[in-house]
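S.K.: structural data only, the sequence is not supplied:
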């Protein structure tokens, strides 16, 4: 049966996260329902990243297996038609070999986190970035970030409810850029723990506003205890922007 | 009496433009009402650019004269408090000499126009950019834009209802940049005619999708007739982002 890979953009503000759940709207459910409207078939959609409530995606990847073959243009247009007016769109579709699985076949995930560092409230970027009022020193954050890059036990940066078997992850990239009052974090890894990106950003922010020394981030990592790291940054600054296969 | 210059950000989607009018919400009115809540004084707010319904601003400038002196931090914080939850914020405030006038003292206005050039619907950038589905050739648009730079009679690019005394304007900058599927137009001039930026973008888009030759833009300009140029691009791609004094 044909296996379709779809690329998805969504505004996390309108959903209770990626994953289907009872009594709450999810991106997965919205798309599964659109596929049902197109095909009259109940399919299961597998997503590369199970983003939380409020987290956005510009290029989430998912796949589903379905009985009938459709031209990929029909998949894109019909699903977008049925998804309206919800804040989710299908950017692209591609037919894949039967063994392709958006989650298990993924080789690398890429996340971007945006902080806007200014006093006045956010307007254009409301729900699109974390609004941090205290001035942040980006050089200190870049310095502190170095100790997180590479293969480590990230227990300190993992949500207590995280279900991953191992807390050992390889953070291949943690790059921080500043453009005027915008501070962008780029993170990539084969896989991440639950809340890992937001816990890293929340901890680096403590360094940026001089509450922590950069060296304390390394100590927090070594402690392997969630209580030793900083708070979880809010979801609406986070974007899943790429998945490699 | 003290004369305050304020820098303003707003999401044009929530307002019927900058200018106060009967039976419709405007940015000017929202801020004048916030000033009244702070001071119990009815002031008139003068804006540098009278943006239309749906047009955004990241750094609109306005001024108002008021009886009492306030620290600028109080102006910013109190107005932002009273403006909530409307989609407008005061970014900065400064006390100016009495003769300063946000509109008449302005030396140069800067606008940015954003097109997102892709097939699927916009999600993250809905109401933040013009969604153009037909592929646009940016090189052709850059070529066509050259004939508009400089001092010209812009009658062909002026709204029929435009009230400016002269249609002769000096377009100092018309720069077009492409980053993936985002096409950005940067325009600056001492002043603009009504709808001038949107009419320029709407006309260049005809060149971008091969409906017009680049040379037709020069001919449209020379015709000095609104009917000879292209349609008006939608407002929600347009941002007033800077004013020089």
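M.R.: Alright, I've got the coordinates. Treat the numbers as computed from the prediction; the structure is a model and nothing was measured. Numbers count the residues shown, from 1 in each chain, chains lettered A, B, ... in the order given.
S.K.: against residue A:203, how distant is the closest residue to residue A:167 other than its chain neighbours?
M.R.: Counting by CB to CB, 6 or more residues apart in numbering or on different chains, residue A:167 lies nearest to residue A:155, which is 4.4 Å off, once chain neighbours are set aside. (Each C-beta comes from the backbone N, C-alpha and C, glycine too.) The gap separating residue A:155 from residue A:203 is 13 Å, by CB to CB, to the nearest Å.
S.K.: those two: which has the busier surroundings?
M.R.: The neighbour comparison of residue A:155 against residue A:203 (other CB atoms under 10 Å in any protein chain shown) goes to residue A:203, with 27 against 17.
S.K.: what sits closest to that one if chain neighbours are left out?
M.R.: Leaving out its chain neighbours, the residue that sits closest to residue A:203 by CB to CB, 6+ apart is residue A:230, at 3.4 Å.
S.K.: repeat that for residue A:145.
M.R.: Residue A:145 sits nearest to residue A:174 (CB to CB, 6+ apart), 4.7 Å away.
S.K.: does that neighbour sit in a helix or strand, and which one?
M.R.: Under the criterion of DSSP states H and E, residue A:174 resides in strand A:173-179.
S.K.: neighbouring contacts of the helix or strand following that strand?
M.R.: Remark: after strand A:173-179, the chain's next helix or strand is strand A:182-189, criterion DSSP H and E. Outside strand A:182-189, the residues that touch it by CB atoms under 8 Å, 6 or more residues apart in numbering or on different chains are A:108-117, A:129, A:136, A:138, A:141, A:169-178, A:197, A:200-201, A:204, A:208, A:242.
S.K.: narrow those to those in strands?
M.R.: A:108-117, A:169-171, A:173-178, A:242 (DSSP state E).
S.K.: assign a three-state SS to the residue lying farthest from the centre of chain A, would you?
M.R.: Distance to the chain centre peaks in chain A at residue A:68, reaching 31.0 Å (criterion: CA atoms, centre = their mean). Each residue gets one of three states, and residue A:68 gets coil by DSSP: H, G, I helix; E, B strand; the rest coil.
S.K.: report the contact partners of it.
M.R.: Counting by CB under 8 Å, 6+ apart, residue A:68 makes contact with A:2, A:39, A:41.
S.K.: quick one, which of those residues are buried?
M.R.: Buried members of these, counted by 16 or more other CB atoms under 10 Å in any protein chain shown: residue A:39.
S.K.: return the closest of the contacts of residue A:68 with respect to chain B.
M.R.: Among the contacts of residue A:68, residue A:39 lies closest to chain B (CB to the nearest CB), at 19.4 Å.
S.K.: pull the contacting residues for the closest one.
M.R.: Residue A:39 sits in contact with A:66-68, A:70, where contact means CB under 8 Å, 6+ apart.
S.K.: what do you get for residue A:4?
M.R.: With contacts defined as CB under 8 Å, 6+ apart, residue A:4 is in contact with A:63-66, A:70, A:72, A:75, A:93-96.
S.K.: one more time with 10 Å
M.R.: Counting by CB atoms under 10 Å, 6 or more residues apart in numbering or on different chains, residue A:4 makes contact with A:35, A:43, A:45, A:62-66, A:69-70, A:72, A:75, A:79, A:93-96, A:100.
S.K.: now intersect these with the helices, please.
M.R.: In this view, the contacts of residue A:4 that belong to helices under DSSP state H are A:35, A:72, A:75, A:79.
S.K.: what about residue A:74, how many residues nearby?
M.R.: By other CB under 10 Å, 12 other residues sit near residue A:74.
S.K.: show me what contacts it?
M.R.: By CB under 10 Å, 6+ apart, the neighbours of residue A:74 are A:38, A:93.
S.K.: any idea how far residue A:147 is from it?
M.R.: Distance from residue A:74 to residue A:147, counting by CB to CB: 49 Å.
S.K.: residue A:47 too?
M.R.: Distance, residue A:47 to residue A:147, using CB to CB: 31 Å.
S.K.: ok, the two, which is more surrounded?
M.R.: In terms of neighbours (other CB under 10 Å), residue A:47 is the more surrounded of residue A:47 and residue A:147; the figures are 25 against 18.
S.K.: next one: the more buried one from chain B, what distance?
M.R.: According to CB to the nearest CB, to the nearest Å, residue A:47 stands 16 Å off from chain B.
S.K.: show me the beta-bridge partners of the residue lying closest to that residue once chain neighbours are set aside.
M.R.: The spatial neighbour of residue A:47 that comes closest, neighbours along the chain excluded (CB to CB, 6+ apart), is residue A:62 at 4.5 Å. Note on residue A:62: beta-bridge partners residue A:6, residue A:47, judged by DSSP bridges.
S.K.: these two touch, right, residue A:62 and residue A:19?
M.R.: No. At 11.3 Å, residue A:62 does not count as touching residue A:19 under the criterion of CB atoms under 10 Å.
S.K.: where do the contact lists of those two overlap?
M.R.: Counting by CB under 10 Å, 6+ apart, the contacts common to residue A:62 and residue A:19 are A:27-28, A:47.
S.K.: residues near the closest residue to residue A:137 other than its chain neighbours, how many?
M.R.: Leaving out its chain neighbours, the residue that sits closest to residue A:137 by CB to CB, 6+ apart is residue A:208, at 5.4 Å. Neighbours of residue A:208 under the rule other CB under 10 Å: 26.
S.K.: give me the pLDDT value at residue A:208.
M.R.: As predicted, residue A:208 sits at a pLDDT of 98.
S.K.: mind listing what it touches?
M.R.: A:115, A:117, A:132, A:134-142, A:144, A:176, A:183, A:201, A:214.
S.K.: repeat that for 8 Å
M.R.: Per CB under 8 Å, 6+ apart, neighbours of residue A:208: A:132, A:136-138, A:140-141, A:183.
S.K.: buried set for stretch A:162-181?
M.R.: Result for stretch A:162-181 [16+ other CB under 10 Å]: buried residues A:162, A:167, A:169, A:171, A:174, A:176, A:181.
S.K.: what residues does chain A put near chain B?
M.R.: Proximity of chain A to chain B, by CB under 8 Å from any CB of the partner chain, involves residues A:9-11, A:56, A:58, A:76, A:80, A:84, A:87-92, A:118-124, A:126, A:128.
S.K.: switch to 7 Å and redo it
M.R.: Contacts of chain A with chain B, taken as CB under 7 Å from any CB of the partner chain, map to A:9-11, A:56, A:58, A:76, A:80, A:87-91, A:120-121, A:123-124.
S.K.: can you list the weak-confidence ranges in chain A?
M.R.: Within chain A, no stretch has pLDDT under 70.
S.K.: could you find the closest non-adjacent residue to the residue nearest the centre of it?
M.R.: Chain A has residue A:240 as the residue nearest its centroid, 3.8 Å off, counting by CA atoms, centre = their mean. For residue A:240, the nearest residue in space outside its immediate sequence neighbours is residue A:57; the separation is 4.2 Å by CB to CB, 6+ apart.
S.K.: what is the neighbour count of residue A:32?
M.R.: A count of neighbours around residue A:32, defined by other CB under 10 Å, yields 18.
S.K.: likewise residue A:110?
M.R.: Counted with other CB under 10 Å, residue A:110 comes out at 18.
S.K.: so it versus residue A:58, what's the distance?
M.R.: Residue A:110 is 10 Å from residue A:58, by CB to CB.
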